[in-house]
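>>> fold the following.
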Amino acid sequence: MGVVEQALEKGICFRLGEERYVHPLSNIKEVLSYQSPAPVPGASAGVEGMIDVRGHMVTVLYGSYLLSLDPATCEDEGHIIVLELPTGYFGIRVEAVERVIDLPQNNSVQSLEYRNNECIQGTINYHDELYIYVDFSDYCSALD
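Residues are numbered from 1 along each chain as shown. Just a heads-up that it's a prediction; the model follows:
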């Protein structure tokens, strides 16, 4: 009788500035190479614009804005991580997407006290690399 492994949630690792981040894969629809969005008059702060992805309008936000980073410390944000949420599609602009990893069980997420940010959940140590665990879902769902 084999041991049934508990299904681990997966996360997508990306880079922005000097930090590495991981976001749960569950609500990520796809990762796109950067494409310049059409500007949206009167958009919320941090919104770069809209792109059409196979008939879905995707609101593109700067990852540097969501994570309170100085955009000058971020190189070209060359990828868009597209989230599919009940309130619509949102794209988060990041520098580079690196890999998909298995997320550890919840008890191994360490809280992060030096960065107060609603998107940041804590940190994860994966193969001796520190990742900041983020979830953009609530933030994007609350946008108009």
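
>>> and the closest residue in space to residue 95 that isn't next to it in sequence, what helix or strand is that in?
Leaving out its chain neighbours, the residue that sits closest to residue 95 by C-beta to C-beta, 6 or more residues apart in numbering is residue 15, at 4.9 Å. Bear in mind the C-beta positions are built from the backbone N, C-alpha and C, glycine included. Element membership for residue 15 (DSSP states H and E) is strand 10-16.

>>> just checking, the residue nearest to residue 95 touches residue 96?
Yes. Using C-beta atoms under 8 Å, residue 15 is in contact with residue 96, at 4.7 Å.

>>> which of those two has more neighbours?
residue 15 (20 against 14; other C-beta atoms under 10 Å).

>>> if I pick that one, what's in contact with it?
21, 94-96, 98 (C-beta atoms under 8 Å, 6 or more residues apart in numbering).

>>> what do you get for residue 102?
8-11.

>>> buried only: go through those residues for me.
Neighbour-count burial (16 or more other C-beta atoms under 10 Å) applied to these gives residue 11.

>>> a markdown table please, covering the contacts of residue 102 and showing distance to residue 126.
Formatted as a markdown table, the contacts of residue 102 follow (distance: C-beta to C-beta, whole Å):
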| residue | distance to residue 126 |
| --- | --- |
| 8 | 12 |
| 9 | 13 |
| 10 | 12 |
| 11 | 9 |
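
>>> fine by me, we can end here.
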